[in-house]
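Q: build me a structure from this.
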Amino acid sequence: MATATGLRPRKTAAGARVAARFSPEHEAFTSFPYALLVLDRGGRVVSHNTQAARLIEKAALPQRDLTCCALLGCRRADTVLAAGCATELALGRDTALPEMRVDIDTPSGQLAMWVTVASFGRSGGRVVLQLRPGVARDRRQRTDPHWMAGPTLRIRTLGTTSVESVEGPIGGAWLDQRTGQLLKYLIAERHRAVSVDEIGESIWPGASYAVGSSVRYYVHALRRRLEPQRGSREPSAFIVAQAGAYRLNAERVEIDADACEAHIVSGLAVADDEPQAAATEIELGVATGYFEPSRRKQHHVELFSAQFVRYSRLEINLNAVMLGKKQ
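A: Here you go, the predicted structure:
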C-alpha cells in the first residue's frame with residue numbers, strides 16, 4: 001500500500017534519479033486533519049494520509065491488503081453498512097454518499113467516526129473515504145441511513161395530491177403542470193406498465209406521432225423532480241422503464257388509496273366474526289382518506305352500512321381513475 005508520505009523517485013533527462021517534489025494537492029492530502037483513504041474498485045486501500053495511518057494503527061489492522069469492509073464493518077450485522085459495501089455503493093453514484101456514523105473496533109474500545117464516501121477519477125474507478133472523529137454518546141449512533149434501505153415515496157391522493165420523500169415534502173406548482181399530470185396518470189395506472197403512446201394520448205389527446213419525445217422528456221423531468229440527488233448512471237427508484245413502457249415501482253412508492261382500501265377490505269373480511277376488529281380496520285381506512293375529522297364520527301356509525309361500504313370502494317376507485325384525467 002502506498003502512503004501519501006512516501007516519495008517516488010523519477011528520472012531526469014540525464015537519467016539521474018531525483019525525489020519527486022510535493023504538489024500543493026499532495027501536501028493537502030498528506031496533512032489533512034481527518035483520515036483520508038483511497039480505494040480501488042475492489043475496496044482495497046491503495047493510499048492513505050497520516051491521520052489514516054494513525055487510525056489503522058490504533059485499530060490494530062494490517063496495512064497490507066486492507067479493505068474498507070475490514071475497516072468499516074461492511075456487511076456485518078448490526079452496522080449501518082450491513083446491507084452493502086461502502087465502495088460498491090459509492091461506485092454506483094455520481095455524488096457522495098450521505099455522511100454516516102460507524103464504530104471502529106480497537107483493542108482499547110470502539111472509536112466513533114463519521115464517514116463520507118465518494119467515487120472519483122475519469123471513469124469513477126477509485127473511491128475516497130474521509131473519516132472524522134465522532135462522539136461515542138451520539139444519539140444517532142444506531143440510526144441506519146434511509147438510503148441504505150432505498151428511497152421511499154409517499155403520495156396522498158385522497159384529497160389534495162401531495163408527495164413526500166424521507167427528506168420532506170416535494171411540493172410546488174409542478175403538481176399542476178405536465179410533470180404533475182404524468183405522475184397522476186402513472187398513479188391511476190399504477191398496477192401495470194403503460195406505453196409511451198398511452199401516456200401521450202392521455203396527456204396530449206390527438207397529438208402527432210412525435211408525442212413520444214415529449215413523454216420521454218417529461219418522464220426525465222419527473223424523475224429529476226422526485227430524485228434530485230440521483231446520479232446519471234443510477235436507475236430511477238420510483239419510475240421503472242419496462243420494454244418501452246413506464247410504471248411506478250410498487251416496492252418504493254406508497255399511495256394512501258391503497259392503504260385505505262386494504263384496511264377496509266381487511267375489516268370487511270372479518271366483519272361477521274370479529275365486529276370490533278373490523279370496525280377498527282375500517283376506521284383506519286377512513287382515517288387514511290380525505291374525510292374531515294368532524295365527519296369521522298358520523299362515518300364510524302355507518303361502518304357496517306352496505307351503502308357506506310359501496311361508497312368507500314367507489315370513492316377509492318374513482319379517485320384513482322380520475323387522477324390522470326384532471327386538468
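Q: now the strands for the stretch 151-300 of the chain?
A: Per DSSP state E, counting those that start in this stretch, the stretch 151-300 of the chain carries strands over the ranges 153-156, 162-165, 168-169, 194-195, 239-242, 245-248, 253-255.
Q: return the member of those having the minimum mean pLDDT.
A: In terms of mean pLDDT, the lowest-scoring of the strands of the stretch 151-300 of the chain is strand 168-169 (a mean of 85).
Q: other residues contacting it?
A: S162, V163 (Cβ atoms under 8 Å, 6 or more residues apart in numbering). C-beta here means a position set from N, CA and C on the backbone, and glycine is covered the same way.
Q: who does it pair up with?
A: Paired with strand 168-169 in the same sheet, following DSSP bridges, are strand 162-165 (antiparallel).
Q: what does the partner strand rub up against?
A: With Cβ under 8 Å, 6+ apart, strand 162-165 has contacts from P151, T152, L153, R154, I155, R156, P169, I170, G171, L175, L183, L226.
Q: now with 10 Å?
A: Defining contact as Cβ atoms under 10 Å, 6 or more residues apart in numbering, one finds that strand 162-165 is touched by 146, 151-157, 169-172, 174-175, 180, 183, 187, 225-228, 237-238, 253-254, 256.
Q: what of stretch 205-218?
A: 177-183, 194-204, 225, 241, 244, 246.
Q: and if we set it to 6 Å?
A: Contacts to stretch 205-218, defined as Cβ atoms under 6 Å, 6 or more residues apart in numbering, come from residues R178, T179, L182, V196, I199, G200, W204.
Q: cool, stretch 81-95 as well?
A: 39, 43, 68-69, 72, 74, 97, 117-119, 127, 148, 231-232.
Q: V286: which of those is nearest?
A: Relative to V286, the closest of these is M148; by Cβ to Cβ it sits at 34.6 Å.
Q: so, low pLDDT: which residues of this structure?
A: Scanning the chain for pLDDT under 70 picks out the ranges 1-22, 123-124, 135-151, 209, 288-327.
Q: where do the helices sit along it?
A: Applying DSSP state H to the chain gives helices spanning 24-31, 50-58, 68-72, 86-91, 146-149, 178-188, 196-203, 211-226, 256-269, 275-288, 293-301, 306-322.
Q: could you dump the ones you listed to CSV with mean neighbour count?
A: Shown next, in CSV, are these (neighbours: other Cβ atoms under 10 Å):
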stretch, mean neighbour count
helix 24-31, 13
helix 50-58, 18
helix 68-72, 22
helix 86-91, 21
helix 146-149, 13
helix 178-188, 22
helix 196-203, 18
helix 211-226, 17
helix 256-269, 19
helix 275-288, 18
helix 293-301, 11
helix 306-322, 15
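Q: and those as CSV, adding distance to M113?
A: As requested, the helices of the chain are exported to CSV (distance: least, Cβ to Cβ, whole Å):
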stretch, distance to M113
helix 24-31, 19
helix 50-58, 8
helix 68-72, 9
helix 86-91, 12
helix 146-149, 17
helix 178-188, 40
helix 196-203, 47
helix 211-226, 32
helix 256-269, 39
helix 275-288, 41
helix 293-301, 47
helix 306-322, 47
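Q: compare these and give me the one nearest S108.
A: Judging those by Cβ to Cβ, what sits closest to S108 is helix 50-58, at 7.9 Å.
Q: okay, now the domains of this protein?
A: 2-149, 171-252, 255-325 (automatic domain parsing).
Q: dump the ones you listed to CSV, plus distance to E164.
A: CSV is the format used below for these (distance: least, Cβ to Cβ, whole Å):
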stretch, distance to E164
domain 2-149, 13
domain 171-252, 9
domain 255-325, 11
